[in-house]
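[1] Next one to model:
(2 chains)
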Amino acid sequence: KAGVTQTPRYLIKTRGQQVTLSCSPISGHRSVSWYQQTPGQGLQFLFEYFSETQRNKGNFPGRFSGRQFSNSRSEMNVSTLELGDSALYLCASSLRQASYEQYFGPGTRLTVT
Amino acid sequence: LAKTTQPISMDSYEGQEVNITCSHNNIATNDYITWYQQFPSQGPRFIIQGYKTKVTNEVASLFIPADRKSSTLSLPRVSLSDTAVYYCLVGDIKRAGSYQLTFGKGTKLSVIP
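    Residues are numbered from 1 along each chain as shown, chains lettered A, B, ... in the order given. Just a heads-up that it's a prediction; the model follows:
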């Protein structure tokens, strides 16, 4: 089976812009979760989508949003980018909702200048 | 969510067995213990999960004593490619309600030739 794929792998944006990241889960997986990883804060949970509905949400501002399509693919959007949004954004898929057995993609490295 | 404590870092020589211990004194009855491995600039990889006693797969073994207040991830005969950060997570894998997968700081394992 193909693993989780994320596009793009690298992205450079300017403060104030917005960005959309894409994630394709493992075939058959219906849950997609998003994480932000920075050297200072480590891995932080953003939100989880299951059957096109956001089921769980972490402690991030409303500038971070997402959606899931009927084929389980997911997108994450960050509006009004700030320098502090520079991070590795990871997507993970799982068979069940709120699962501790998740399969991560390679991530998208976002740099905000 | 049960809080976990792991050593910040460990060094080991190639070919040795490595044991990484995680403390989780307030683990709940329904909580499971899950371990992930993360290489630099990659997403975490699910290694193993268990509830009690011993679980073994092709990658590692997980030892959980009767009181379940700690667990030990055992990596047999490590190689340089096992150099990574290892995360211990504790939570109710069957609870589909609100949750956040909390990775903590993890243990940075350095394998020395």
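[2] Every contact and neighbour count from this point should use C-alpha atoms.
    Will do.
[3] Spatially central residue in chain A, please.
    For chain A, the residue sitting closest to the mean C-alpha position, by CA atoms, centre = their mean, is residue A:34 at 3.2 Å.
[4] Quick check: pLDDT value at that residue.
    For residue A:34, the pLDDT comes out at 96.
[5] what's residue B:52 in contact with, if anything?
    B:63-66, B:68 (CA atoms under 8 Å, 6 or more residues apart in numbering or on different chains).
[6] After the host helix or strand of residue B:89, heading C-terminal, what element do we hit next?
    Assessed by DSSP states H and E, residue B:89 sits inside strand B:84-91. Per DSSP H and E, strand B:84-91 leads on to strand B:107-112 as the next helix or strand towards the C-terminus.
[7] Briefly note if that next one comes near chain A.
    No: Strand B:107-112 is not in contact with chain A by CA under 8 Å from any CA of the partner chain; minimum separation 12.3 Å.
[8] relative orientation of that strand and strand B:84-91 in degrees?
    Computed by axes from the mean of the first three to the mean of the last three CA atoms, to 10 degrees, the angle separating strand B:107-112 from strand B:84-91 equals 150 degrees.
[9] Next, the buried residues of strand B:107-112.
    Neighbour counts using 16 or more other CA atoms under 10 Å in any protein chain shown place B:107-111 of strand B:107-112 among the buried residues.
[10] before we move on, back to that, export the contacts of residue B:52 to JSON lines and tack on distance to residue A:101 and secondary structure?
    Listed next are the contacts of residue B:52 as JSON lines, based on distance: CA to CA, whole Å; DSSP: H, G, I helix; E, B strand; the rest coil:
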{"residue": "B:63", "distance to residue A:101": "18", "secondary structure": "strand"}
{"residue": "B:64", "distance to residue A:101": "18", "secondary structure": "strand"}
{"residue": "B:65", "distance to residue A:101": "22", "secondary structure": "coil"}
{"residue": "B:66", "distance to residue A:101": "23", "secondary structure": "coil"}
{"residue": "B:68", "distance to residue A:101": "20", "secondary structure": "coil"}
